[in-house]
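J.: I'll drop the sequence and a predicted model, then ask my questions.
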Amino acid sequence: MPQDSPLGSTGPIRPDVSDPTDPAVDDPADLPSVLVERRVEWQDTDAAGHYHHSAVQRWVEATEAVLLRRLGVGDLFGRIPRVHFEADYLERLWFGEAAYILLRIDRVGTSSLHYSFEVRGEHGVAATGRLSVVHCPPDHKGASPWPDEVRAALSKGGAQRPESYT
């Protein structure tokens with residue numbers, strides 16, 4: 001891991017996004033986040049040798065899995081369909097380069113969950129974006145409010161320890 005690795009930092013910078021009317025969120029610093037380090041693999045690249053745009057979505061979803069498992073709500077997969085994904089691609093990441101994916105929960109709605117993410121490489125920020133999901137249990141015909149214990153986990157987990165796959 002390089003000296004200036006984001007994994008060596010004291011933690012992620014908290015977003016300015018919060019819902020002041022949401023009583024479940026006392027402090028935006030309590031909102032969960034996680035930083036995952038990985039390598040840009042050959043299958044992540046396109047013909048030009050740098051990461052393909054679709055790799056970012058896979059990396060963000062893999063980082064989401066780390067975060068939800070850490071919060072004890074990994075069973076949400078299959079119950080939280082994606083309703084929005086957007087990304088801005090700012091810099092290239094090349095095969096073999098370290099990539100750092102920071103995922104933050106920005107807001108927990110009644111039945112929705114809003115993330116922001118940042119992907120960094122050796123030359124700075126490579127991509128930023130947002131992802132939104134809704135709670136949709138299999139026995140319901142649409143969105144359903146978060147159970148209290150899930151809402152608490154999603155609202156109060158704070159910054160999680162970084163994880164490395166390099």
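T.: Arrived safely.
J.: Strands along the chain, start to end?
T.: Using DSSP state E, the strands of the chain run over 33-39, 82-89, 98-108, 112-121, 124-134, 163-164.
J.: tilt between the third one and strand 124-134?
T.: For strand 98-108 against strand 124-134, the angle between stretch directions is 40 degrees (axes from the mean of the first three to the mean of the last three CA atoms, to 10 degrees).
J.: Can you give the strand pairings for strand 98-108, parallel or anti for each?
T.: Here strand 98-108 is paired, per DSSP bridges, with strand 33-39 (antiparallel), strand 112-121 (antiparallel).
J.: so which of those gets nearest residue 166?
T.: strand 33-39 (5.2 Å; CB to CB). The way it works is simple: take the backbone N, C-alpha and C, and place the C-beta from them, glycine included.
J.: With just CA atoms, put that closest one into PDB.
T.: Provided in PDB are the C-alpha atoms of strand 33-39 (Å, rounded to 0.1, in the frame of the first residue of the first chain):
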ATOM      1  CA  SER A  33     -19.200   4.700   5.200                       C
ATOM      2  CA  VAL A  34     -16.500   2.400   4.100                       C
ATOM      3  CA  LEU A  35     -13.300   2.600   2.000                       C
ATOM      4  CA  VAL A  36     -12.300  -0.500   0.000                       C
ATOM      5  CA  GLU A  37      -9.000  -0.800  -1.800                       C
ATOM      6  CA  ARG A  38      -8.700  -3.100  -4.900                       C
ATOM      7  CA  ARG A  39      -6.600  -3.500  -8.100                       C
END
